[in-house]
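Enquirer: this is a predicted model, with the sequence first.
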Amino acid sequence: MNKQLKTFFTVALTAAAVSAAWMLQDAPLEAQNSSAQAIPRTPDGKPNLSGIWQTMSTANWSLEPAEARHGPLAALEAGAHLAFPPSVGYVEGGVIPYKPGMRDQQEENKRNWLKLDPTTQCKLPGVPRATYLPYPFQIFQGPDATLISYQFAGADRIVYMDSDMEPQVDTWMGTNTGHWDGDTLVIDVRGQMPDTWFDRSGHYHSGWDMHVQERYTMVDRNTIDYSATVTDPNVFERPWTIKMKLYRHQDENMVMLEFKCVEFVEELLYGHLRAPGSPIGDGVTPLY
């Protein structure tokens, strides 16, 4: 087991253990003002974000305001199943500020969404898209590091608190450093791969030079105000911000199940290599 993998498992186990302990030790109510009494807190007084969360938005289909529309031509037989729902828009000001000529690439991506969207091939979604995919994610909050684990593709990221760590190579989920701004958890993400999108409408970025700053602010025990500001001078005229709510899952039997989607795209990626006469798929999992 290499050093990086050992570090991941160590942080994951530590964060889970500390998070569980902190959930049982909310700070005394007298240390909180009346407007924040409903917010769970860790022993050091910070809001406790640990739990399973999910957005109730259509941001994954379009960050900008959009009408409902047909899915890609290749998916017309799916009828309503792959049609795009309408979007109220989540970008401050309504429009992502592309530099002149840069929106052409987004329009091309949109026309060929099914083929070009990286998540079609089960590639990790990157930040901030991982937050508003239609899948839950779980936060394990610790004092020195926080683990965020996503159901889609088993994506994970470790947020190192109060660290000046710089990215050494580009990665799918970036290098994540965090700090507290009052009661708001701020996460700076740098060094991401260019091979991720912001949504199914083809909004894109340049990768390495992009900086994403996320802000998580609990407004009550089960709701987070989430925002992400994107700065990428290669593609956009200025920084732009998205905002939405995140909601805690409260079902007693709610757990994070696996969605390891690699096996679902093997036929798409490697079906042309299948021996003649061999079954489509893995030959075991039923295909309906």
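Expert: Thanks, I have the structure now.
Enquirer: pLDDT score for Asp282?
Expert: The model reports Asp282 with a pLDDT of 62.
Enquirer: revised request: answer the last question for Thr171.
Expert: For Thr171, the pLDDT comes out at 97.
Enquirer: list the contacts of it.
Expert: Thr171 is in contact with 191-193, counting by CB atoms under 8 Å, 6 or more residues apart in numbering. Bear in mind the C-beta positions are built from the backbone N, C-alpha and C, glycine included.
Enquirer: which of those residues lies closest to Ala75?
Expert: Relative to Ala75, the closest of those is Met193; by CB to CB it sits at 26.1 Å.
Enquirer: just to revisit the earlier point, please tabulate the contacts of Thr171 in CSV, including the columns pLDDT, distance to Gly79 and secondary structure.
Expert: What follows is the contacts of Thr171, written out as CSV (pLDDT from 0 to 100; distance: CB to CB, whole Å; DSSP: H, G, I helix; E, B strand; the rest coil):
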residue, pLDDT, distance to Gly79, secondary structure
Gly191, 98, 41, coil
Gln192, 98, 35, strand
Met193, 96, 34, coil
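Enquirer: ok, so of these, who is nearest Ser227?
Expert: Nearest to Ser227 among the contacts of Thr171: Gln192, at 17.8 Å, using CB to CB.
Enquirer: can you list the weak-confidence ranges in this protein?
Expert: For the chain, applying pLDDT under 70 flags the ranges 1-37, 281-288.
Enquirer: 50 - rerun?
Expert: Applying pLDDT under 50 to the chain picks out residues 1, 3-7, 18, 23-24, 26-35.
Enquirer: so where do the helices sit in it?
Expert: Listed in chain order, the helices of the chain (DSSP state H) span residues 3-23, 103-111, 113-116, 129-132, 266-270.
Enquirer: centroid-nearest residue for the protein?
Expert: Closest to where the C-alpha atoms of the chain average out (CA atoms, centre = their mean) is Ala130, at 1.5 Å.
Enquirer: surely it touches Ala153?
Expert: No - contact status for Ala130 versus Ala153: not in contact, 9.1 Å apart, counting by CB atoms under 8 Å.
Enquirer: overlap in contacts, these two.
Expert: In contact with both Ala130 and Ala153: Leu124, using CB under 8 Å, 6+ apart.
Enquirer: hmm, back to that, of the contacts of Thr171, closest to Ser278?
Expert: Met193 (33.0 Å).
Enquirer: burial count for that closest one?
Expert: A count of neighbours around Met193, defined by other CB atoms under 10 Å, yields 19.
Enquirer: and Glu267, by the same measure?
Expert: A total of 14 residues lie near Glu267 under the criterion other CB under 10 Å.
Enquirer: so who does Pro125 touch?
Expert: With CB under 8 Å, 6+ apart, Pro125 has these contacts: 118-119, 133, 150, 152-153, 155, 196.
Enquirer: any idea how far Arg129 is from Tyr216?
Expert: According to CB to CB, to the nearest Å, Arg129 stands 16 Å off from Tyr216.
Enquirer: where along this protein do the strands fall?
Expert: Applying DSSP state E to the chain gives strands spanning 51-55, 137-141, 145-150, 156-161, 175-181, 184-190, 211-220, 223-231, 240-248.
Enquirer: make JSON lines from the ones you listed and add distance to Val95 and mean neighbour count to it.
Expert: Below are these laid out as JSON lines (distance: least, CB to CB, whole Å; neighbours: other CB atoms under 10 Å):
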{"stretch": "strand 51-55", "distance to Val95": "21", "mean neighbour count": "20"}
{"stretch": "strand 137-141", "distance to Val95": "28", "mean neighbour count": "23"}
{"stretch": "strand 145-150", "distance to Val95": "28", "mean neighbour count": "22"}
{"stretch": "strand 156-161", "distance to Val95": "29", "mean neighbour count": "20"}
{"stretch": "strand 175-181", "distance to Val95": "27", "mean neighbour count": "17"}
{"stretch": "strand 184-190", "distance to Val95": "23", "mean neighbour count": "20"}
{"stretch": "strand 211-220", "distance to Val95": "19", "mean neighbour count": "18"}
{"stretch": "strand 223-231", "distance to Val95": "13", "mean neighbour count": "19"}
{"stretch": "strand 240-248", "distance to Val95": "9", "mean neighbour count": "18"}
